[in-house]
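Trainee: Using only what follows, build the 3D model:
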Amino acid sequence: MRRVVVTGIGLVTPCGIGTKETWESILAGRSGIGPITRFDASRFATRFAGEVKGFDSLRWIEKRKAKEMDLFIQFAVAAAQMAVDDSGLDFGKEDLERCGTIVGVGLGGLASIEATHSVYLEKGPRRISPYFIPMLIANLGAGQISMRFGLKGPNVCTVSACASGAHAVGDSLGWIRRGTADVMITGGAEATITPLGVGGFNAMRALSTRNEEPTRASRPFDRGRDGFVIAEGAGILVLEELEHARRRGANILCEVIGYGATADAHHLTQPAPEGEGAQRAMRMALADAGMDRERVGYINAHGTSTPQGDVVETQAIKKVFGDHARRLAVSSTKSMTGHTLGAAGGIETAISALALHEGKLPPTINLDDPDPACDLDFVPNVARDANVEVAMSNSFGFGGTNATILLSRLRG
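Mentor: Prediction:
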């Protein structure tokens, strides 16, 4: 079976614009969450979010092209350019029919829908932009990346709620393993900090309402958690077939060795008891890699800071890893980024790759009073040096969809 490696990473997150900026902020335990500035949130139960601050699309995208793109697409394209630059790839020297892109998105261009609906109500149908549909549809994240680099291989969008980005990475792994692609640009993007986005999650009572201290609102596995913090951004990785990367002298960050994807078939929004579906996703990823569970040293948890979800994920990890669960380091970087929904799997796979490559484990901040039901080593508040061989990244979503990515240091 062909082996697959990570050779480039691009991150646009509430913690920083750029991979270096985001990674340094996460290792320092700095929250990227603050009051909402995108719209007047004074009437909302939740008035804070993980916004990407200071993003200027024109650093990466021509002005005329940026007008075609919702913010989630701009994030995806910017992160993809960062990842390609990081990889050192020259697509002028590649067989573009063997290069593709899969980018996961949870909701698509919600901001464009809201803005265009207002234009329609105020000015009528003749004032609807001809770019409206291309701005809002979820697959234009991948589509715009494909057109930017001339990639003629797979051009696909995975839409599976908060597992979208992880499913994109896993599906990209499969394309390269099967021999039908050599290079895939993959990950996730999201930009739904809008009145309907925040209002909709508020209506479900899913969001934290800790309005007086937003930087402390995302507190996975802590007794005082009261819901997740909505956020935005993009995490894009360049995946390559190992020998393809070696031939061009690429800097290899880590290897992608396993993928698991399962369904709970249980409930619209609540996870299955004891995370039964999540358990199967983790076991599937381990089996896919032929990896003993004792070799896993770090898990980047889904860890959204919801009362039920964090307990269930803890239970699932303990079921899968048995006694070894007590020796695992587990952290939720959503404590700093917030929950970036469809982008989360891409961002957190990238963070897991950096953790392996750099030998540093990111913390779970705001973990001041651990929930007794969440009784693993969640790397509380301070990053940790650790030479971990294998890392796992979990992503779960509404509709009972589960995805697990398994990474390792390059072997042999």
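Trainee: sec struct for residue 112, please.
Mentor: Following DSSP: H, G, I helix; E, B strand; the rest coil, the label given to residue 112 is helix.
Trainee: wait, isn't it in contact with residue 132?
Mentor: Yes - Residue 112 is in contact with residue 132 according to CB atoms under 8 Å; the separation is 6.5 Å. (Glycine included, C-beta is placed from N, CA and C.)
Trainee: Now do stretch 330-338: distance from first to last residue.
Mentor: 17 Å (CA to CA, to the nearest Å).
Trainee: I'd like the mean pLDDT over that stretch, please.
Mentor: Throughout stretch 330-338, pLDDT has a mean value of 98.
Trainee: Ok, stretch 190-199 next?
Mentor: Rounded mean pLDDT across stretch 190-199 is 98.
Trainee: What residues sit buried inside it?
Mentor: 190, 191, 192, 193, 194, 195, 197, 198, 199 (16 or more other CB atoms under 10 Å).
Trainee: Can you give the contact residues for that stretch?
Mentor: 36, 38-39, 41, 44, 46, 49-51, 70-72, 74-75, 105-107, 109-111, 113-114, 207, 230-234, 340-344 (CB atoms under 8 Å, 6 or more residues apart in numbering).
Trainee: And for stretch 29-47?
Mentor: 13-16, 25, 48-51, 53, 193-195, 198-199, 201-202, 207-209, 211, 214-218, 229-231, 335-338, 363, 365-366, 381-383.
Trainee: part of a helix, is residue 357?
Mentor: Yes - counting by three-state DSSP, residue 357 falls inside a helix.
Trainee: Quick check, it in contact with residue 254.
Mentor: Yes - Residue 357 is within contact range of residue 254, at 5.8 Å (criterion: CB under 8 Å).
Trainee: Dump the buried residues of stretch 190-199 to a markdown table, plus secondary structure.
Mentor: Formatted as a markdown table, those follow (three-state DSSP):
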| residue | secondary structure |
| --- | --- |
| 190 | strand |
| 191 | coil |
| 192 | coil |
| 193 | coil |
| 194 | coil |
| 195 | helix |
| 197 | helix |
| 198 | helix |
| 199 | helix |
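Trainee: Quick check: residue 138 vs residue 155, distance?
Mentor: Distance, residue 138 to residue 155, by CB to CB, to the nearest Å: 13 Å.
Trainee: These two: which is more packed in?
Mentor: Ranked by neighbour count (other CB atoms under 10 Å), residue 138 and residue 155 place residue 138 first, with 24 against 16.
Trainee: Now do the phi/psi pair for that one.
Mentor: Main-chain dihedrals, residue 138, degrees, to the nearest 10: phi -60, psi -30.
Trainee: So for it, what's the pLDDT?
Mentor: Looking at residue 138, its pLDDT is 97.
Trainee: Report the contact partners of it.
Mentor: Shown in contact with residue 138 (CB under 8 Å, 6+ apart): 105, 107, 108, 109, 157, 159.
Trainee: List the ones among the residues you listed that fall in helices.
Mentor: Using DSSP state H, no member of those sits in helices.
Trainee: got TSV for the buried residues of stretch 190-199, with distance to residue 151 too?
Mentor: Output for the buried residues of stretch 190-199, formatted as TSV (distance: CB to CB, whole Å):
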residue	distance to residue 151
190	22
191	23
192	26
193	29
194	30
195	35
197	30
198	34
199	37
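Trainee: and which of the residues you listed is nearest to residue 128?
Mentor: residue 194 (18.2 Å; CB to CB).
Trainee: can you pull out the helices in the stretch 51-200 of the chain?
Mentor: Along the stretch 51-200 of the chain, counting by DSSP state H, counting those that start in this stretch, helices occupy 63-66, 71-87, 110-123, 132-136, 140-149, 164-177, 195-203.
Trainee: Over to residue 393. Which of the three states is it?
Mentor: Under three-state DSSP, residue 393 falls in the strand class.
Trainee: Could you report the neighbour count for it?
Mentor: Neighbour count of residue 393, defined by other CB under 10 Å: 30.
Trainee: Repeat that for residue 90.
Mentor: For residue 90, the number of neighbouring residues by other CB under 10 Å comes to 9.
Trainee: What about residue 95, how many residues nearby?
Mentor: Look at residue 95: counted by other CB under 10 Å, it has 12 neighbours.
Trainee: tell me the contacts of it?
Mentor: residue 182.
Trainee: got it, and residue 113?
Mentor: Counting by CB under 8 Å, 6+ apart, residue 113 makes contact with 136, 196.
Trainee: Next one, pLDDT for it please.
Mentor: The model reports residue 113 with a pLDDT of 97.
Trainee: Over to residue 236?
Mentor: Looking at residue 236, its pLDDT is 99.
Trainee: Look up which helix or strand it falls in, please.
Mentor: strand 233-241 (DSSP states H and E).
Trainee: what lines up beside that strand in the sheet?
Mentor: Using DSSP bridges, the strands paired with strand 233-241 in its sheet are strand 4-13 (antiparallel), strand 183-190 (antiparallel).
Trainee: Report the rounded mean pLDDT for the longest one.
Mentor: Read that as strand 4-13. 98.
Trainee: continuing past that strand, what's the next helix or strand?
Mentor: strand 16-17.
Trainee: quick check: mean pLDDT across that following strand?
Mentor: For strand 16-17, the mean per-residue pLDDT is 98.
Trainee: Could you name the helices and strands sitting against it?
Mentor: helix 19-27 (3 or more CB pairs under 8 Å, 6 or more residues apart in numbering; DSSP states H and E).
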